[in-house]
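> I would like to see how this sequence folds:
(3 chains)
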Amino acid sequence: MPELPEVETIRQRLIKGFGGRPSILDQTILQARLLWSGTLANANNNYFEGFVRGQQVLSVDRRAKFLYLTLTDAYLVFHLRMSGDLFMEQIDQPETHPYRYAQHDRVWLDFDSGWRLVFNDIRKFGRMWLLKDLDTIFAKIGPEPLDEALTPNDFHQNLISKSRQLKPLLLDQSFIAGGVGNIYSDEALFIAGLHPLRKSDSLSLLEATRLLNAIRIVLSKGIDQKGASIDWVYRGGDFQNFFQVYQQEDQPALVAVVRSKKKWGQRGTHFCPNCQRLD
DNA sequence: CCTGAAACCTGTCTGC
DNA sequence: TGCAGACAGGTTTCAG
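Model (predicted):
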């Protein structure tokens, strides 16, 4: 599901507590359960459940679209992929609402407070790693788009060092941390007035600057709005009310917004042919 | 190096 | 009503 703003929102809710749920910080793990073995990417089930028992959650951080818990003696890293979610619920009073698919819980961390961290993931694409060293996963990730250390000049240099189509390049996490995400890359390219299939090495410094600024605008706005709620997978955000091209095919102001699949970096792509020209 | 297709999965929606 | 097919916010791997 989640793109960067949704992941960041989930992180903040875990840290600050949300809707009557407590913060996950300083909670001590009484017992861990791996309910679907495929979720744990790099260790074995018994080892995992035994290792994390008794450990405390010291912090929750994000790198790209990875969320990770710093435990007393290790890191527990999550990637939500297309349908994952992380939330707290009471062990003896699980959430019940139409979209609470308890049968798709993949991991439980039960705390001695009576609360439980649930990793729920309908499509089973999500993964969890138990790590001593974060670099084993984070080494190949590109620069964080919202980090001011990434200057327009750097971004331009990175763009022209490749000859890639912009849309798939923005989804490539080795190019920019976490990729920009499908919705947010469509929105950013629209704001920057760049065609999704423009070759990266054809951009001027001015265009690259516009693109970087547009990426920062849409990601920041997405975080401010606590992500986008577009279907049953993730709810609670309002950024969908600010979409300018994504799923805006019917907006008369955007003439002939094209939605083409599998030829556009394998993803549904929305753009305005009038204001995002290839030539 | 670059592109596109396939793979990993389950739920929802559309159209016949 | 049922059913087939398309589609979904991500990423990796492989063939050409």
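
> does the longest helix belonging to chain A come close to DNA strand C?
Ranked by number of residues, the top helix in chain A under DSSP state H is helix A:205-224. No - Helix A:205-224 lies apart from DNA strand C when judged by Cβ under 7 Å from any atom of the strand; the minimum separation is 8.5 Å. Quick note: C-beta positions are derived from backbone N, CA and C, even for glycine.

> buried residues in that helix?
A:207-212, A:214-216, A:218-219, A:222-223 (16 or more other Cβ atoms under 10 Å).

> can you list the residues you listed in a markdown table and add pLDDT and distance to residue A:60?
Formatted as a markdown table, the buried residues of helix A:205-224 follow (pLDDT from 0 to 100; distance: Cβ to Cβ, whole Å):
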| residue | pLDDT | distance to residue A:60 |
| --- | --- | --- |
| A:207 | 98 | 36 |
| A:208 | 98 | 33 |
| A:209 | 98 | 33 |
| A:210 | 98 | 33 |
| A:211 | 98 | 30 |
| A:212 | 98 | 27 |
| A:214 | 98 | 29 |
| A:215 | 98 | 24 |
| A:216 | 97 | 23 |
| A:218 | 97 | 24 |
| A:219 | 97 | 19 |
| A:222 | 97 | 19 |
| A:223 | 96 | 15 |
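
> is residue A:57 in contact with residue A:67, as I believe?
No - contact between residue A:57 and residue A:67 fails when scored by Cβ atoms under 8 Å: they sit 12.0 Å apart.

> what sits against the closest residue to residue A:238 other than its chain neighbours?
Excluding its sequence neighbours, the residue lying closest to residue A:238 (Cβ to Cβ, 6 or more residues apart in numbering) is residue A:225, at 4.4 Å. Listed by Cβ atoms under 8 Å, 6 or more residues apart in numbering, the contact partners of residue A:225 are A:5, A:237-239, A:241-242.

> among the residues you listed, which two are most distant?
A:5 and A:241 (13.7 Å; Cβ to Cβ).

> neighbour-wise, which of the two wins?
Using other Cβ atoms under 10 Å as the criterion, residue A:5 and residue A:241 rank with residue A:5 on top: 24 against 9.

> what sits closest to that one if chain neighbours are left out?
Counting by Cβ to Cβ, 6+ apart, residue A:222 is the residue found nearest to residue A:5 once chain neighbours are left out, at 3.1 Å.

> got the contact list for that neighbour?
Residues near residue A:222 by Cβ under 8 Å, 6+ apart: A:3-6, A:184, A:228, A:237, A:239.

> buried subset of those?
Judged by 16+ other Cβ under 10 Å, buried ones among these: A:3-6, A:184, A:228, A:237, A:239.

> what distance separates the start and the end of stretch A:264-279?
Length of stretch A:264-279, first residue to last, Cα to Cα, to the nearest Å: 17 Å.

> buried ones in it?
Within stretch A:264-279, the residues that qualify as buried are A:264-265, A:267, A:269-272, A:276, counting by 16+ other Cβ under 10 Å.

> hmm, it in reach of DNA strand C?
Yes - Stretch A:264-279 lies within reach of DNA strand C by Cβ under 7 Å from any atom of the strand, at A:266-268.

> tell me the residues of the stretch 51-200 of chain A that contact DNA strand C?
The stretch 51-200 of chain A comes close to DNA strand C at residues A:64-65, A:79, A:81-82, A:123, A:125, A:171, A:173-174, A:178-179, A:181-183, as judged by Cβ under 7 Å from any atom of the strand.

> lowest-confidence helix or strand of chain A?
Using mean pLDDT, DSSP states H and E, the weakest-scoring helix or strand in chain A turns out to be strand A:258-260, at a mean of 49.

> quick one: list the elements packing against the following helix or strand past that strand.
Downstream of strand A:258-260, the first helix or strand assigned by DSSP states H and E is strand A:269-271. For strand A:269-271, the contact count by 3 or more Cβ pairs under 8 Å, 6 or more residues apart in numbering; DSSP states H and E identifies helix A:182-192, strand A:258-260 as packing neighbours.

> what lines up beside strand A:269-271 in the sheet?
Strands that pair with strand A:269-271, judged by DSSP bridges, come out as strand A:258-260 (antiparallel).

> so for residue A:12, what's the pLDDT?
Per-residue confidence at residue A:12 stands at 97 (pLDDT).

> just the element for it, please.
helix A:4-16.
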